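Build me a model:
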Amino acid sequence: MLPRPTAPEHHPDFEVSIPQLNFRFSNNGITKSQITDLIAALAQDNCPIQNLFLDWNPIYDDSFKGGTPDASNNNLYSQTPEELSPFAQLVQDAKKLQVLFLRHSGLNDKDLKQICHLLKPESGAL
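Residues are numbered from 1 along each chain as shown. As a prediction, the model looks like this:
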């Protein structure tokens, strides 16, 4: 890993530009255990990923088999009523993310309510 650039003290206008690291999943299909592992990695203090793109990636149950002839038989992940959605868990735990892009990833009203509640908890109960 390259050392982080620092601004010299004698140049107050010196601007340091540290590249943002992007992580993109496109058209893959992610299982519940994979999104759980991804959230755990993004929650680490040393994780350099700042922008996460989940593009056309619904969350499937762990029996998902992508690219097989019977792929149409794959089941989407279904959370229990008490469980925090994987998308809300991502917002809660991955504090260093600056951009979270979710397009056609199965985000629903319950997920969105949970995310909003995490971002503004004083808004009341879910």
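
Phe64 contacts Ser33, doesn't it?
No - using Cβ atoms under 8 Å, Phe64 makes no contact with Ser33, being 9.7 Å away. From N, CA and C alone the C-beta is placed, and that goes for glycine too.

between these two, which one's more packed in?
Neighbours were counted for Phe64 and for Ser33 using other Cβ atoms under 10 Å; Phe64 has more, 22 against 12.

how far away is that one from Gln44?
25 Å (Cβ to Cβ, to the nearest Å).

try Lys96
9 Å.

Same question for Leu100.
17 Å.

Would you map the helices across the protein?
Along the chain, counting by DSSP state H, helices occupy 32-42, 86-93, 109-119.

quick one on the thing from earlier: which one of Leu100 and Gln44 has more residues nearby?
The residue with more neighbours, out of Leu100 and Gln44, is Leu100; 15 against 12, by other Cβ under 10 Å.

List the beta-bridge partners for the nearest residue to that one once chain neighbours are set aside.
Excluding its sequence neighbours, the residue lying closest to Leu100 (Cβ to Cβ, 6 or more residues apart in numbering) is Leu52, at 5.4 Å. Under DSSP bridges, the beta-bridge partners of Leu52 are Phe23, Leu100.

which residues does Leu52 contact?
Neighbouring residues of Leu52 by Cβ atoms under 8 Å, 6 or more residues apart in numbering: Asn22, Phe23, Arg24, Leu42, Leu90, Ala94, Leu97, Val99, Leu100, Phe101.

let's see it at 7 Å
By Cβ atoms under 7 Å, 6 or more residues apart in numbering, Leu52 lies in contact with Phe23, Leu97, Val99, Leu100, Phe101.

Against Ala41, how distant is it?
11 Å.

do Asn75 as well
With Cβ to Cβ as the criterion, Asn75 and Ala41 are 25 Å apart.

These two: who's more crowded?
Ala41 (13 against 10).

Name the nearest residue to the more buried one, ignoring sequence neighbours.
Cys47 (6.0 Å).

At the geometric centre of this protein, which residue sits there?
Leu90 (4.8 Å; Cα atoms, centre = their mean).

pLDDT score for that residue?
The model reports Leu90 with a pLDDT of 94.
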